[in-house]
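S.K.: Sequence isn't available, so here's the structure alone:
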């Protein structure tokens, strides 16, 4: 390196070199730095020295510098100065500082000192080789101890101590810091001292090059171990969704560790090692080490959002959106400098793309409901698959109410659509920031109910079954709202209105479905024996027909099922019982009594108890006839 050391004398950094040569700047405001125990002392003004004193200082510097010249002895080549003798390490740094002063002195005097300047320059080259070797050795030997995750964890303990004082918990936390952690803190201090010395001597490029190579390999290796892959948009587009979903799950686990531990820890290490240099140097180093890996990390969600847009994938998009938004303050803080603005931009681009994709998925979901054209009636008037699918979808969506509110805050309903005021009175956005989400959820449910209303018309031959179908589906909708976060969005008023509608549907079913049976029970208590026989026959026929028809019908909600059966029983059993008790005795003398009086009042309740399970009646209608009214009273008739 001929005359390379002269740059420490005539050192005027260019614009390109300014990132590694600003040695006198104050430490970064990001993290206060405790002065290193090996930091050299302030220099004495050169005009206070005589040439003989300068020569003496050069000789003193020569003594310790040549001792640790890697080419002078085998011991110096294999032994670490900072590990072997911390006192000599401090003296070595002090000697380099004095040697630099001497070179300035010789350069400012007459040419008779030129040979002394060359001699000092040669010593400076030897010293820089030694420090370069020491810098590499400390970084290499502490590779595991200075990993960003453990550094970040120690920082968290330190912040906890600063925030909460010196109580027993803090003392326990302090004791838990291992000797390895203490040693790595010391290593950062040594690295800081070496970096300051080399940069101030004009050897910043060599120092920083070593640091970037070593630390970047640690960060890249950590990201690889976290499973962060450098995938392209084309690769993700060609993957099956199951594979993509596994990669999303892995990314969700990795991103928090990467931001909270890896990048945060690397920021701490970089700020400590280059604490006495300019902000520009620190940011340039940190950017070089982390920018590439961080960009690839935050690019993955953007690619996923571009390539997979079907509505059922919305939940993974929301998971990705939630992860980035939750970490945004950390991302913005860690990558705050212009040199790492591309990382912030990438994270923000992914966030925006995910938001656009979620809005698009919701619109596609709306369209899918409107386009549903299934024409097959549901057996027994049970729950329609569309109702189950839509309500489960919405319930899962409301688990993301917070971020969904942000995503669709400025996303209005489709054009030419509005919610009727009687259906849903949208909250004031000022009082309720989730009003846009509430309106959107109410709109989707309204579309669903309109579809269900249309599908009820498929039961052309049975108005009662159509009403039961409406009852089942609206009851399911109300139950889902009540048992999910939808209740907080739609409110109690919405729930009350729709509960009342469920009751109206159920009442309409009872009125239409059991009118023939109820009308067959005479209101006139006085009639002839033949008239009574005819009334019993009419009732038997109506009840058997209704029971046989409705035995395959369904009420999906257990509580609602019992309520409907109880309501029917209250109307049917007392009215029939009064007629039964009055005229059965008159028919005892008639040989055809058992064929006429087929049901005791208790039998009706037993038969009603079997309804709405969708199982169907066993056998023919005639199999409903009890073997004997007397035998069947108070128990279920045999079939």
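M.R.: Cool, the structure landed. Just so we're clear, the structure is a prediction, and the values are computed from it rather than from any experiment.

S.K.: helices or strands next to the helix or strand where residue 214 lies in the packing?
M.R.: Under the criterion DSSP states H and E, the helix or strand holding residue 214 is helix 204-225. Here helix 204-225 touches helix 18-21, helix 114-141, helix 148-164, helix 179-200, helix 264-273, helix 279-307, going by 3 or more C-beta pairs under 8 Å, 6 or more residues apart in numbering; DSSP states H and E. C-betas here are computed from N, CA, C, even on glycine.

S.K.: do that again at 7 Å, thanks
M.R.: Applying 3 or more C-beta pairs under 7 Å, 6 or more residues apart in numbering; DSSP states H and E, one finds that helix 204-225 contacts helix 18-21, helix 114-141, helix 179-200, helix 264-273, helix 279-307.

S.K.: Please compute how far the fourth one lies from its chain's middle.
M.R.: By that I understand helix 264-273. Relative to the mean C-alpha coordinate of its chain, helix 264-273 is positioned 27 Å out (C-alpha atoms, centre = their mean, to the nearest Å).

S.K.: okay, the helices and strands packed on helix 204-225, which one's buried deepest?
M.R.: With neighbours taken as mean count of other C-beta atoms under 10 Å, the helices and strands packed on helix 204-225 reach their highest mean count in helix 264-273, at a mean of 25.

S.K.: average model confidence for that helix?
M.R.: For helix 264-273, the mean pLDDT works out to 90.

S.K.: Now do that helix against helix 179-200, angle only.
M.R.: Orientation note: helix 264-273 sits at an angle of 50 degrees relative to helix 179-200 (axes from the mean of the first three to the mean of the last three C-alpha atoms, to 10 degrees).

S.K.: how many degrees apart are helix 264-273 and helix 279-307 in direction?
M.R.: Interaxial angle of helix 264-273 relative to helix 279-307 (the same axes, to 10 degrees): 170 degrees.

S.K.: Between helix 204-225 and helix 264-273, find me the angle.
M.R.: Computed with the same axes, to 10 degrees, the direction of helix 264-273 lies at 160 degrees from that of helix 204-225.

S.K.: got the angle between helix 264-273 and helix 114-141?
M.R.: In this structure, helix 264-273 runs at an angle of 160 degrees to helix 114-141, with the same axes, to 10 degrees as the basis.

S.K.: other SSEs contacting helix 264-273?
M.R.: On a contact count with 3+ C-beta pairs under 7 Å, 6+ apart, helix 264-273 meets helix 148-164, helix 179-200, helix 204-225, helix 279-307, helix 314-334.

S.K.: How about residues contacting the third one?
M.R.: Right, helix 204-225. 20-21, 132, 135-136, 139-140, 143, 147-148, 195, 198-199, 258, 262, 266, 273, 285, 288-290, 293, 297 (C-beta atoms under 7 Å, 6 or more residues apart in numbering).

S.K.: Swap in 6 Å and give it another go.
M.R.: Residues from elsewhere that reach helix 204-225 (C-beta atoms under 6 Å, 6 or more residues apart in numbering): 20-21, 132, 135-136, 139, 195, 198, 262, 266, 288-290, 293.

S.K.: want to try TSV for those residues, with distance to residue 472 as columns?
M.R.: Written out in TSV, the entries for the contacts of helix 204-225 read as follows (distance: C-beta to C-beta, whole Å):
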residue	distance to residue 472
20	74
21	78
132	80
135	75
136	75
139	70
195	74
198	79
262	53
266	59
288	64
289	62
290	57
293	54
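
S.K.: got the contact list for the residue lying closest to residue 285 once chain neighbours are set aside?
M.R.: Nearest residue to residue 285 in three dimensions, chain neighbours excluded: residue 270, at 5.4 Å (C-beta to C-beta, 6 or more residues apart in numbering). Taking C-beta under 6 Å, 6+ apart, we find residue 270 in contact with 282, 285-286.

S.K.: Turn the residues you listed into JSON lines, columns for pLDDT.
M.R.: Formatted as JSON lines, the contacts of residue 270 follow (pLDDT from 0 to 100):
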{"residue": "282", "pLDDT": "90"}
{"residue": "285", "pLDDT": "94"}
{"residue": "286", "pLDDT": "95"}
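
S.K.: related to what we said a few turns ago, lowest-confidence stretch among the helices and strands packed on helix 204-225?
M.R.: Summarising mean pLDDT across the helices and strands packed on helix 204-225, the least confident stretch is helix 18-21, with a mean of 42.
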